[in-house]
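K.L.:
no sequence on this one, just coordinates:
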Ligand code: GLU
């Protein structure tokens with residue numbers, strides 16, 4: 001089995017493309033086949049090298065490794081031209097000299113007669129040769145049916161009469177999409193073409209080209225669309241659609257890959273899958289036929305899961321760029337790991353984690369004014385003064401933070417919560433934070449003393 005992913009470098013890799021890539025990857029891996037990458041850059045105007053870079057980077061980030069070097073379609077234009085010439089020689093293609101306005105008129109006529117806009121085949125039997133502005137068209141059958149058994153959608157049939165003679169080589173000598181894709185898929189030995197169902201209408205044309213070229217047909221499978229929560233096709237309107245945007249928002253690749261797999265594929269009611277596990281389980285039998293709805297909450301849930309699963313050391317490393325992006329000084333690996341350990345149970349994304357980590361890394365935390373009014377009263381400041389004394393003693397000598405807390409609350413005849421909250425506010429700026437013991441450990445004695453002093457000095 002050889003599958004391929006064939007993105008056009010006219011934009012970043014988006015969610016739908018990434019799912020197509022993932023399913024092709026899994027299909028090939030499952031069968032110990034090959035998964036190849038072809039960059040469809042024949043549209044010179046819209047293709048950009050930076051999009052190729054970005055697509056390759058996104059695939060690497062997701063862990064979707066391809067076999068061999070990426071193939072660039074534009075570099076294969078000679079082969080496409082040769083095959084077009086061969087079709088001409090076989091009488092399966094012809095030169096067409098119609099001007100764009102003639103073609104438009106022919107489409108309008110077809111529309112007015114209640115048909116689909118189509119080319120009327122005017123040059124089909126004229127035996128024309130090359131000419132400036134001329135194109136080569138495929139000479140399609142005028143009747144009969146073209147069909148295939150789709151790997152996902154089942155049997156699909158088109159009437160040949162609905163398909164007009166498509167241009168295979170443009171006047172600039174470059175192939176059109178359908179021609180290039182068939183020549184390349186056939187030449188690269190692709191056995192299974194799995195792509196978005198926006199290509200269903202192209203498939204009968206491609207089948208006719210395969211037959212005319214005498215190439216064996218691959219299997220075709222068309223993945224249902226991905227919709228937004230309002231059931232409209234997923235688009236920018238629904239939020240971020242590019243894979244790299246998710247990376248920048250602090251999603252982990254494992255979460256995105258897991259999420260994309262479940263966007264259409266299922267394995268019982270299991271939700272959590274690693275890539276390696278999926279490589280063993282994936283099959284098209286369990287890919288749904290109906291459109292999948294993109295659900296950001298579920299992606300968040302998976303991301304929170306994978307953040308929790310990531311060891312603090314590694315998580316700290318992942319967190320670092322998100323801290324830097326907030327303009328915070330990034331601490332060394334040991335402190336980063338400690339910070340990550342205190343926040344990994346409470347963050348849906350790395351960006352959220354960085355926001356929550358901010359209080360650790362600033363000189364003094366911004367104290368929430370409403371909480372300050374409530375907690376930094378004369379009594380609260382008295383409690384803080386006691387904390388300052390207690391925490392000045394090396395931790396080994398005071399029986400640990402829990403011991404200190406119990407001792408202080410007994411001394412002051414106050415509940416542990418009432419004793420802890422002023423300290424929490426002084427150290428973190430808020431009344432909700434990771435465990436105070438961990439916070440004290442990350443901050444270290446100097447910062448703790450400085451924060452307590454600043455809170456005592458604060459006039460709310
Ligand atoms: N370059 C085409 C696209 O990005 C490939 C379609 C196909 O897989 O045949 O839509």
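P.N.:
Looks like it arrived, so ask away. Just so it is clear, the structure is predicted and the values come from calculations on it, not from any experiment. Numbering: from 1, shown residues only.
K.L.:
list the contacts for residue 79?
P.N.:
Residue 79 sits next to 183, 187 when contact means Cβ atoms under 8 Å, 6 or more residues apart in numbering. Heads up, the C-betas are built off the backbone N, CA and C, glycines and all.
K.L.:
Check the secondary structure at it for me.
P.N.:
Of the three states, residue 79 takes helix under DSSP: H, G, I helix; E, B strand; the rest coil.
K.L.:
Also residue 37?
P.N.:
At residue 37, secondary structure determined by three-state DSSP is strand.
K.L.:
mean confidence score for stretch 263-278?
P.N.:
Stretch 263-278 shows a mean pLDDT of 96.
K.L.:
first vs last residue of it, how far apart are they?
P.N.:
Stretch 263-278 stretches 13 Å from its first residue to its last (Cα to Cα, to the nearest Å).
K.L.:
which residue packs closest to residue 283, ignoring adjacent ones?
P.N.:
Of all residues not flanking residue 283 in the chain, residue 30 sits nearest, at 6.8 Å (Cβ to Cβ, 6 or more residues apart in numbering).
K.L.:
Oops, could you answer that again for residue 72 instead?
P.N.:
Distances taken as Cβ to Cβ, 6+ apart place residue 39 nearest to residue 72, at 5.1 Å, with adjacent residues excluded.
K.L.:
So the one you found is in contact with residue 53, correct?
P.N.:
No - proximity of residue 39 to residue 53 does not meet the contact threshold set by Cβ atoms under 8 Å, at 10.5 Å.
K.L.:
Counting residues, name the longest helix you see in this structure.
P.N.:
Longest helix in the chain, counting residues (DSSP state H): helix 436-457.
K.L.:
Now do the SS call for the residue of the stretch 51-200 of the chain found nearest the ligand.
P.N.:
Residue of the stretch 51-200 of the chain nearest the ligand, by Cβ to the nearest ligand atom: residue 195 (3.6 Å). Under three-state DSSP, the three-state class of residue 195 is strand.
K.L.:
and it, how far is that from residue 177?
P.N.:
Per Cβ to Cβ, to the nearest Å, residue 195 is found 12 Å from residue 177.
K.L.:
Which strands or helices does the longest helix of the chain pack on?
P.N.:
helix 333-343, helix 350-361, helix 378-392, helix 400-412, helix 416-428 (3 or more Cβ pairs under 8 Å, 6 or more residues apart in numbering; DSSP states H and E).
K.L.:
Next, the contact list for the nearest residue to residue 441 once chain neighbours are set aside, please.
P.N.:
Nearest residue to residue 441 in three dimensions, chain neighbours excluded: residue 338, at 6.7 Å (Cβ to Cβ, 6+ apart). Residues in contact with residue 338 (Cβ under 8 Å, 6+ apart) are 312, 316, 438, 441-442.
K.L.:
And these, which is closest to residue 118?
P.N.:
Checking these against residue 118 with Cβ to Cβ, the nearest one is residue 316 at 60.8 Å.
K.L.:
Just the element for the closest one, please.
P.N.:
Element membership of residue 316, judged by DSSP states H and E, is helix 312-325.
K.L.:
what's around residue 279, how many residues?
P.N.:
Residue 279 has 16 neighbours, counted by other Cβ atoms under 10 Å.
K.L.:
Which elements pack onto the helix holding residue 316?
P.N.:
Of the remaining helices and strands, those touching helix 312-325 by 3+ Cβ pairs under 8 Å, 6+ apart are helix 333-343, helix 350-361.
K.L.:
just so I know, which of those helices lies nearest residue 277?
P.N.:
In terms of Cβ to Cβ, the element of the helices and strands packed on helix 312-325 nearest to residue 277 is helix 350-361, at 23.5 Å.
K.L.:
can you tell me the average pLDDT over the closest one?
P.N.:
Across helix 350-361, pLDDT averages out at 98.
K.L.:
immediately after that helix, which helix or strand?
P.N.:
Next helix or strand after helix 350-361 toward the C-terminus (DSSP H and E): helix 369-375.
K.L.:
which helices and strands sit right next to that next one?
P.N.:
Counting contacts by 3+ Cβ pairs under 8 Å, 6+ apart, helix 369-375 is packed against helix 416-428.
K.L.:
Off-centre distance for the helix it packs on?
P.N.:
41 Å (Cα atoms, centre = their mean, to the nearest Å).
K.L.:
How about residues contacting it?
P.N.:
For helix 416-428, the surrounding residues in contact (Cβ under 8 Å, 6+ apart) are 359, 365, 367-368, 371-372, 375-376, 380-381, 383-384, 387, 405-406, 408-409, 412, 430-431, 433, 436, 439-440, 443, 448, 451-452, 454-456.
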